[in-house]
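> have a look at this prediction, sequence included:
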Amino acid sequence: MAITFNHTIVHSTDRSAAADFFTELFGLPPAKEFGPFLAVGLNHGVSFDFSQMPDGMDVVPQHYAFLVSEDEFTAIYDRIRERGLQHWADPRGQHPGEINHNEGGRGVYFQDPSGHYLEILTQPYGSGR
């Protein structure tokens, strides 16, 4: 059986700001309107569909991790620093302003405008490198 991940809905306090943050930071094409969503396309037909939370409802922060190449990591990390975004080497925020070198690669955690925790890494955890 071949199961392929297709999309996920990302609840946002401001769907336009969230989609713009994501596309600009990751160097992706602009989001496209899709019903009540702003859809951002990733590899293999996967999309992140940004949704506006109704007034009075809070966004529950989620964690989204992205495997990127070394060159992509460098470009994204440069944009993180240019924007002055807080970032950490670890998911608990105990190593601010640092990156990790787990599995012989590089990784960093940061938050989007809605409070979701984003992670970029160059080697999958458990790869044994």
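It's in. Numbers count the residues shown, from 1 in each chain.
> could you use CA atoms for every contact and neighbour count after this?
OK.
> ranges for the helices of this structure?
15-26, 70-82 (DSSP state H).
> next, the buried residues of the shortest one.
Yep, that's helix 15-26 we're talking about. Using 16 or more other CA atoms under 10 Å as the test for burial, helix 15-26 gives R15, S16, A18, A19, D20, F22, L25, F26.
> hang on, the earlier thing: turn the helices of the chain into a markdown table, columns for distance to G97 and mean pLDDT.
Formatted as a markdown table, those follow (distance: least, CA to CA, whole Å; pLDDT from 0 to 100):
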| stretch | distance to G97 | mean pLDDT |
| --- | --- | --- |
| helix 15-26 | 17 | 98 |
| helix 70-82 | 9 | 98 |
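> roughly how far apart are P113 and E72?
Distance, P113 to E72, by CA to CA, to the nearest Å: 21 Å.
> ok, now G41?
Counting by CA to CA, the gap from G41 to E72 is 16 Å.
> contacting residues around Y64?
Y64 makes contact with H116, Y117, L118, E119 under the criterion CA atoms under 8 Å, 6 or more residues apart in numbering.
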